[in-house]
Each structure stands twice: as C-alpha cells, then as structure tokens.
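Peer 1: Sequence first, then the predicted structure, then my questions.
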2 protein chains.
Amino acid sequence: MADRSQDHREVEAVNTAFYQAFESADLDTMLDLWLEDPETLCVHPGALPVRGTSAINRSWALIMANTPYIQFFLTDVEVSVLPGVASVTCTENVLTGDDRTGPDAFGGARAVATNVFVRTEQGWRLWIHHASPVLSGDNHDDA
Amino acid sequence: MADRSQDHREVEAVNTAFYQAFESADLDTMLDLWLEDPETLCVHPGALPVRGTSAINRSWALIMANTPYIQFFLTDVEVSVLPGVASVTCTENVLTGDDRTGPDAFGGARAVATNVFVRTEQGWRLWIHHASPVLSGDNHDDA
C-alpha cells in the first residue's frame, strides 16, 4: 500500500504541474509533461480531438498566446492507478480575465477533465487529456 | 506487429460492442463491458463524472430508459494500444428520435469520446468513458 500511495502522490503532483504550466503559460514545461508519441490525445473543451505530440504542442502554443489570464480551482480530484498507467479526474473551475476586465472577472466556467498518464523512466507523462464543458448544474446522469 | 494488429482489432470490436449495446438498450451487455471497479469513470456529454461500476450501471439504466431511439455513426475512430491498456477516440455522430418524430429525425448532435480499456483475463474492459459535446464546427484548437 505504500507504493500505491506514492504512485498516487506522484500522479497528483504531475497533474498539478500540468495546470500550473497552463496558468503560467509555461509552454516548455507543458510540452515536457506530454508523452512523445503520435498517438497522444488532447480534447480541449467543446473541440474536436487533437492527436499526436506535434499537433498538441501547437494547440497549447496557440491557446497560451490567446489566454491573457487563467486560473484553475480543481475540485473532486480523483486519482486511479493501474500497472503502468494512471488517471486523474477533476472538475476544473476556471477563473479567466482579459485586459478589459482584469483578473478579478470570474468566468465561472466549469469543465470536467480526464487526464491519463503513462509511467515512463522519466516519470509519469500525459497520454490523454480530455476536458469537456459542464452544461448542467448537478445532474450526473445526463445522456 | 501481428499481435499489435490483433490488439487493435480486439479493442475496436469491444468499442463497437459498447455502442451497439447502447443502441439496442442492452443493459446486461453494457454492464458486462465495464471493469468491475470502484474507480471506473463515466462522463456523459455535458455532465459531471459518474464514478464506480455501481453508479455507472445506474446511469446507463436511466439513460436507456429515457432514450427511445439512438443510433451512432462513428467517424475518426483511432485506436492506441499500450501494454495492458488501450484507448479509442472517436467522433459520435448521433441520430435520435422519439415517438413524435420517429427514428428518421436526425438529431445531428456530435460528441467526441475517449474510451479507455484495460486488458483482463475476460478480454478488454472499459475503465473510462468520457464523451463531450462538440460545440465548434471544425476548430481543433479551441481553448
């Protein structure tokens, strides 16, 4: 159980680093967190999938260039670890701002993210990031 | 490479079985396709996560009871296999109908799904299903 706890902590730390890289528009760190693989997958909220590390890198560069301010308050963070692979699910409560409204403007947007990490010799790396907008208030059973 | 191809075919077959179970409202088959685990995860489009096989089973029972007709046309199906785990990403083009409009009414809804399967002695089983509405036409880079 000690190993399992350590895995959980490591996975959660990489998940936190992912959101911190996004918040600080640290593209280098963001790209380092991803597995180098043509089959990596990234679904930004409401969008079609982006596949492969190169295309995903470009998508983050574009998003960061067009996001003056963003902050995440993560809730319902759940970590699940299987041999060699781990998932984190969390609710992304998003605070955004721009030059006109300032960082105090609360976007109030909410998304659900599934982040799947693969264990590598360099540590856990992102294989899949799938974020989706939450369109209903508290209904867990919508089709 | 032969093994890899076979894995791909097996994973894609289970993915197809998942959508066929949904289409035919075959709850038993749907439940058999899921890993029996308190950390399985299901995100229905626009909804908050449902965690654990019991809660997920209830969510499918409710959805099937409230879906008179549904048909999926899957496009952009991409399979990725790693040791012991595999993912399928696809676009779900959804045809729905009800008693008033009949099954020919084209809902035209579109969702992106990430399905992550785990290899078990009984075959590949669903660990994660995350579906999200596509809100933009063809923009792969939305934040």
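Peer 2: Thanks, I have it. Numbering: from 1, shown residues only, chains lettered A, B, ... in the order given.
Peer 1: what about residue A:36, is that helix, strand or coil?
Peer 2: At residue A:36, secondary structure determined by DSSP: H, G, I helix; E, B strand; the rest coil is coil.
Peer 1: And it, its phi and psi?
Peer 2: Backbone torsions of residue A:36, given as degrees, to the nearest 10, read phi -90, psi 100.
Peer 1: For stretch A:111-123, list every residue counted as buried.
Peer 2: Neighbour-count burial for stretch A:111-123, counted by 16 or more other C-beta atoms under 10 Å in any protein chain shown, picks out A:111-119. C-betas here are computed from N, CA, C, even on glycine.
Peer 1: Let me see the mean pLDDT of the helix ranked longest in chain A.
Peer 2: Counting residues, the longest helix found in chain A (DSSP state H) is helix A:2-23. Regarding helix A:2-23, the rounded mean pLDDT is 92.
Peer 1: what's the answer for stretch A:110-130, then?
Peer 2: 97.
Peer 1: re earlier: which residues in the longest helix of chain A does the neighbour count mark as buried?
Peer 2: A:7, A:10-12, A:14-15, A:17-19, A:21-22.
Peer 1: Kindly indicate whether the nearest residue to residue A:75 once chain neighbours are set aside is helix, strand or coil.
Peer 2: Nearest in space to residue A:75, with sequence neighbours left out and distances taken as C-beta to C-beta, 6 or more residues apart in numbering or on different chains, is residue A:91 at 4.7 Å. Three-state assignment for residue A:91 (three-state DSSP): strand.
Peer 1: picking that back up, name the nearest of the buried residues of helix A:2-23 relative to residue A:31.
Peer 2: Residue A:31 lies nearest to residue A:21 out of these, by C-beta to C-beta, at 8.7 Å.
Peer 1: The closest one and chain B: what is the separation?
Peer 2: For residue A:21, the distance to chain B (C-beta to the nearest C-beta, to the nearest Å) stands at 14 Å.
Peer 1: quick one: that residue and residue A:15 touch, right?
Peer 2: No - judged on C-beta atoms under 8 Å, residue A:21 makes no contact with residue A:15 at a distance of 10.9 Å.
Peer 1: so where do the helices sit in chain A?
Peer 2: A:2-23, A:27-33, A:53-65.
Peer 1: re earlier: pipe the buried residues of stretch A:111-123 into a markdown table and attach distance to residue A:87 per row.
Peer 2: Below are those laid out as a markdown table (distance: C-beta to C-beta, whole Å):
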| residue | distance to residue A:87 |
| --- | --- |
| A:111 | 16 |
| A:112 | 13 |
| A:113 | 10 |
| A:114 | 6 |
| A:115 | 7 |
| A:116 | 5 |
| A:117 | 7 |
| A:118 | 11 |
| A:119 | 12 |
